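Student: From the sequence below, what's the structure:
(chains A and B)
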Amino acid sequence: MRYIPLKNDSQEIRLFESRILVAAILGALLILGLVTRLGYLQVVKHRYYATLAQNNRVSPLPIAPARGLILDRNGVVLADDFPVFTLEVTPDRVPDMKRLLAKLKPLVALNAQDLRDFRRRLAQHKPFQNVTLRAHLSEAEAARVAVNLTRLKGATLHARLRRYYPLGGLATAAIGYVSRITRNELRGQRAERYFGFHHVGQLGVEKSYQKELMGRIGFKDVEMDAEGRPVKVLKRILPHAGHNLYLNIDAQMQAIGEQMLANRPGSVVALDPRTGAVLALISSPIYDPNPFVDGIREKAYRALATNPNGPLDNRALNGLYPPGSTIKPFYAYAALQTHWFHPHKRVMCPGYYHLPHSSHLFHCWKPLGMGRVDLKDAIEQSCDVYFYHLAFKQGINRMTRYLTYFGFGHRTGVDLPGEYRGLVPTKAWIKASGRPWYPGQTVITGIGQGPLLVTPLQLADAVATIANHGVRMRPEVVRGIVNPVTHHVRYKKPHAYAPIRRRRKNSLKRLIRDMTQVVEGPHGTARGIAYGLPYRVAGKTGTAQLWSVVPNYKGKHVRSDALFMAFAPVKHPRIAIAVIVEHAGFGALAAAPIARALMNFYLLGHVHARPQNQSRPQLAQARTLP
Amino acid sequence: MNRFERWHLDKPLFMALVVLAAVSLVVLYSASGESVHFALDDALRLLIGFVIMIGVAQIQPETYRRWSVPMFVAGVLALAAVLAIGAVRFGARRWIALGPLSIQPSEFMKLFVPMALSWFFSRGHLPPRLGRLAGATLILLVPVLLIAKEPDLGTALIVLLSGIIVLFLAGIGWRTVLTVLAMGMAAAPVLWAHMHHYQRQRIYILFHPQADPLGAGYHAIQAMIAVGSGGLFGQGWLNSSQAHLHFLPDSTTDFAFAVFCQEFGLVGNLALLALYLFIVYRGLRIAFAAQDTYSRLLAGSLSILFFFDVFINMGMVAGILPVVGVPLPLLSYGGTSLLIIMAGLGVLMSIHSHRRLVN
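Tutor: Sure, this is the predicted structure:
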């Protein structure tokens, strides 16, 4: 039992009770004082304070900074800021909304759509916030409203900077766009960081470099009149403009690629293999991002979203394609690392292949076969049987392991948001899929079919790895970040991944030589595309067949994508490129000319092998001027 | 035995706290600019507070009595450690960083000082003699001076207040009370001379808020505008222009009550005040029913301290007290202070529910 001191409890309790009583009286007095004070403030002086709250005179207003510009590698402006006037309405200060709108109608051209949009925004606006009536007024309209502002209680005119993409849809896949911040986007983020900002980067570098581009908000303490209009600025903290971005992308090269794709679905990615600099990143068809900035109309959006060619898909990052024959050099590399593989050993290609103890035939693309081929011939002519054989001998685990060394199945780490991993049937993936893996699947994976999907960016990065002698660089869209005040450029350092495993020397050299044969050899699948060029090209074609929702001209639900990957010059590569054109059939026909044009432009400065009397390609201006 | 008794909880007190937590969510959702994220965050903190309260209630008061001194000593050592190695934030050295947590030991003293003093007085007869009073004063002044040195005058005063409440409840003679009051009056000018500039300014602003409307007087003026514009019935939920237009600083923490005032008016204030007073009343009833001196003194002092927390915050918002950083219990979005308050309420519940059946 615990020890309780012997005490006179009843006396202590009486003492305690008397003290509590005193405390209660004191407390009651304090509460009385507090209630009196609250009553004084809230009843007697209510009107005084209500007026003060209504006209709360000094109001801190945010000053939005200019968003950083986005420039291509030559200084061509890709994303700009454009001053516009916005007509806004503060609903809490409007005595009669109908009359205000009626008054505004002759001053600014308000059509039925504007009014509908306005009502929708009005219905969901938060208390005390302005609602945009017209996002941009013409100068004449702005002037008319400004003159009549005193008659328009509750309406305010704001000058602000609007994001504008002068080249329209050019390189939207890389640049992305900004659009209005929605409430959902603010949720969970640090909302106060975006206080005073109306737009936020949604895609591309606009999103991934949002922090650098946005700058820092400024404030001004503004004295307001009773109508909530600024009268006098008392104090001002200037905003810091956002930093400008220099991209690695060459806008002209990008334009050439986009024009050659001519809105056929497809994608082109060109890299500098030495640094990983992204020279062009094309996802076709292209679309104009400008309408998205202030909210795209529902109808226009639906037209884009339901377009069967899917312009809104970023094919360069998110397009998942079977690589087809373009994957063959990587398998050849894997084989070259083994002790049992002899590149000169010939394999008979009768036009088909079958597994031992099986009657199922796997066909070569050349129905009658190629005869006895060694590695050089197999790559040059893209012999399927040779690679069926090689796949069966190597086994799926070895093949996929080497694919991951080249970056397949992983994100490349490019500085753009939302990149896909692609799909490589690694051991772990097969196990997770829960289905057995058959040798037949290994065989078709050997020619780039089966459960094997790559993005154009991965393909470009992988071929750049070959060009860069086994060192894979992280693709970088942004070249440098420019401080707009000091003009100091912070260049991004190229980032090299760990060099890929190499047991035998010269295996990459051999591979490059064989890939050169694809372009230069007498039977090369892309022969002739480098004809007359002053530099040498190494490449590999591919045609990938996949099931398609839309039937082709023969009525079959098969789609053949044309692929081509290449790098040049062979000795000291400066550009590596991957081209994919959907539905275009044989790779050398549709995809290779695009690659050649871009390589020509990058290495020679003009599209054709010899300068013709054409001027440099002009960049088309955006159609929607603000 | 109903469910509340099984969990060692006082049902009316618990219900009142739940209602208060709900009010907190409603007010803070509005004060944060209708941020669901923020409201959820607050809900999580309140939930943690309740869990701590329930946990604390499970332990017998006797255990607290035995651990009063070690906890107090640990608290004083932590305060000393703060002065030696604490992290400086906002120009004051108040925090100890423990990995990702940062702990403010001075907050804990709001609980440990009443415990230590209650333990001290429970060992002898009451009312205490002068010699015991001197000992009690020493127990009280050591942490208060350490906290004042940080400097954190607001918390130091509240800890001092918590100790004085225990002294008062222990039954020190009226003559002593008057003497101390007179001495306090006499010491006021000395204290004034030793105050920091910003502390002096806050007291000055209390009487002349318009002297610096954009600087030192800004908080007080904006809070009064919020309170006054609320009127009798308030502007309605989510309609606090002072919070939504960012005129009112700290609208989710120390000035959450101002938002409440603007949105729910005098009627709402009286209801809220009634709710708080009900909590204090339950606390005092628990003190009355306590069966030993330690529990009685502790329950009484914690209840009265809770009252003062409420009064100081409301008085600050209403402009009858200087701006000190005291949050409104449970209503303000809070960290350590909320946890300490909930722990204190848990001690009350423990005292209530661990009574022996036979006296």
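Student: Domains of chain A: list them as residue ranges, please.
Tutor: Residue ranges for the domains of chain A, per automatic domain parsing: A:59-247, A:260-277+A:316-604.
Student: chain center to the longest one: distance?
Tutor: Read that as domain A:260-277+A:316-604. 23 Å (C-alpha atoms, centre = their mean, to the nearest Å).
Student: Can you give me the end-to-end span of that domain?
Tutor: End-to-end distance for domain A:260-277+A:316-604, by C-alpha to C-alpha, to the nearest Å: 18 Å.
Student: what residue lies at the spatial centre of the chain?
Tutor: Just so you know, I chose chain A. A:Gly204 (3.1 Å; C-alpha atoms, centre = their mean).
Student: look at chain B instead
Tutor: Closest-to-mean residue, chain B, C-alpha atoms, centre = their mean: B:Asp309 / 3.9 Å.
Student: near chain A, anything from the host helix or strand of that one?
Tutor: Element membership for B:Asp309 (DSSP states H and E) is helix B:293-318. Yes - against chain A, helix B:293-318 shows contacts by C-beta under 8 Å from any C-beta of the partner chain at B:293, B:296-297, B:300, B:304, B:307, B:311, B:314-315, B:318. Every C-beta, even on glycine, is put in place using the N, C-alpha and C of the backbone.
Student: A:Arg504 in helix, strand or coil?
Tutor: Recorded secondary structure, A:Arg504: coil (DSSP: H, G, I helix; E, B strand; the rest coil).
Student: neighbours of it, just the number please.
Tutor: 13 (other C-beta atoms under 10 Å in any protein chain shown).
Student: can you pull the pLDDT of it?
Tutor: Listed pLDDT for A:Arg504 reads 78.
Student: Okay, it and A:Arg510: tell me how far apart.
Tutor: 9 Å (C-beta to C-beta, to the nearest Å).
Student: Mutual contacts of these two, please.
Tutor: Listed as contacting both A:Arg504 and A:Arg510 by C-beta atoms under 8 Å, 6 or more residues apart in numbering or on different chains are A:Leu336.
Student: related to what we said a few turns ago, now the element after the helix holding B:Asp309, going C-ward?
Tutor: Heading C-terminal from helix B:293-318 (DSSP H and E), you reach helix B:336-353.
Student: Now do the phi/psi pair for A:Cys349.
Tutor: In terms of degrees, to the nearest 10, the main-chain angles of A:Cys349 are phi -110, psi 100.
Student: Could you do the one 3 residues further on as well?
Tutor: A:Tyr352 adopts backbone torsions of phi -150, psi 170, taken as degrees, to the nearest 10.
Student: in the sheet, who's paired with it?
Tutor: A:His363 (DSSP bridges).
Student: State whether A:Ser358 is indeed within a helix.
Tutor: No - using three-state DSSP, the assignment for A:Ser358 is coil, not a helix.
Student: and it, what does it touch?
Tutor: Counting by C-beta under 8 Å, 6+ apart, A:Ser358 has contacts A:Gly440.
Student: can you list contacts of the helix or strand harbouring A:Arg144?
Tutor: Using DSSP H and E, A:Arg144 maps to helix A:139-147. Under the contact criterion C-beta under 8 Å, 6+ apart, helix A:139-147 has outside partners A:85, A:87, A:104, A:107-109, A:134, A:137, A:152, A:155, A:157.
Student: among those, which ones are buried?
Tutor: A:85, A:87, A:104, A:107-108, A:134, A:137, A:152, A:155, A:157 (16 or more other C-beta atoms under 10 Å in any protein chain shown).
Student: can you give me the helices in chain B?
Tutor: Assigned helices in chain B, in chain order: B:3-6, B:11-31, B:36-57, B:61-85, B:105-122, B:130-149, B:153-170, B:174-194, B:197-207, B:218-230, B:241-244, B:256-289, B:293-318, B:336-353 (criterion: DSSP state H).
Student: can you redo those as CSV with mean pLDDT?
Tutor: Below are the helices of chain B laid out as CSV (pLDDT from 0 to 100):
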stretch, mean pLDDT
helix B:3-6, 82
helix B:11-31, 93
helix B:36-57, 91
helix B:61-85, 90
helix B:105-122, 91
helix B:130-149, 88
helix B:153-170, 88
helix B:174-194, 83
helix B:197-207, 77
helix B:218-230, 86
helix B:241-244, 77
helix B:256-289, 93
helix B:293-318, 93
helix B:336-353, 91
